[in-house]
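In: Just the structure for this:
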Amino acid sequence: MRKDIPHLPVEDVYVAVAKEGEDWRVYLLNRSPQALETILVTSKGYGEKDGQEQKTSVLRHAIPRLDPQEYALLEPIDADVFHLNNEYWVSFYIGSQIYDKKYIFVPDSIVTGNLSYIPELRTQGVLHT
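Out: I've put the predicted structure just below:
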């Protein structure tokens, strides 16, 4: 049963939106000491603009394995959707234990004022913890 599955907190796994030249890309970072396996990520954008509901297509990504201290490119992202909630729902296994977490970049959180240096990517970006 669902209630019998322990829901352990996700630690040391992050989603980052990084600026590379004029382009933006979304990455999954594994800063944990363990490998992540069978990683599934869904991404979508939703919200309003000028009183009209807007949403993007739901994209799905699968990554077989992400070793400790590694990162993976999830997708490019267009700055035209930064006014939306940009949601990344990440599920993965460590050993036989499943973990999942939603990372939501709220509207207009991906802006120059929120950029910080992300060492793994060697560039500036917005890191969601």
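In: check contacts around residue 33.
Out: Counting by Cβ atoms under 8 Å, 6 or more residues apart in numbering, residue 33 makes contact with 12, 68. No exception for glycine: its C-beta is placed from N, CA and C like everyone else's.
In: switch to numbering from 884
Out: Fine by me, first position is 884 from now on; the one you just mentioned is residue 916.
In: Helix, strand, or coil at it?
Out: At residue 916 the chain is in coil, as set by DSSP: H, G, I helix; E, B strand; the rest coil.
In: Quick check: phi and psi on residue 997?
Out: Main-chain torsions, residue 997, degrees, to the nearest 10: phi -100, psi 0.
In: same question, residue 995
Out: Torsion angles at residue 995 (phi, psi; degrees, to the nearest 10) stand at phi -50, psi -40.
In: Who's the closest spatial neighbour of residue 939, skipping the chain neighbours?
Out: Of all residues not flanking residue 939 in the chain, residue 928 sits nearest, at 3.8 Å (Cβ to Cβ, 6 or more residues apart in numbering).
In: How about the one you found: which residues does it bridge to?
Out: Beta-bridge partners for residue 928, by DSSP bridges, are residue 969.
In: for the chain, what spans make up the strands?
Out: Assigned by DSSP state E, the chain shows strands spanning 896-903, 906-913, 919-932, 935-938, 942-949, 953-960, 968-977, 980-988, 999-1001, 1006-1011.
In: partners of the shortest one in the sheet?
Out: If I follow you right, that is strand 999-1001. Neighbouring strands of strand 999-1001 in its sheet, by DSSP bridges, are strand 1006-1011 (antiparallel).
In: residues of the strand it pairs with that come out buried?
Out: Residues of strand 1006-1011 classed as buried: 1006, 1008, 1009, 1010, 1011 (neighbour count, 16 or more other Cβ atoms under 10 Å).
In: go on, stretch 963-978?
Out: For stretch 963-978, a neighbour-count test (16+ other Cβ under 10 Å) marks 964, 965, 967, 968, 969, 970, 971, 972, 973, 975, 977 as buried.
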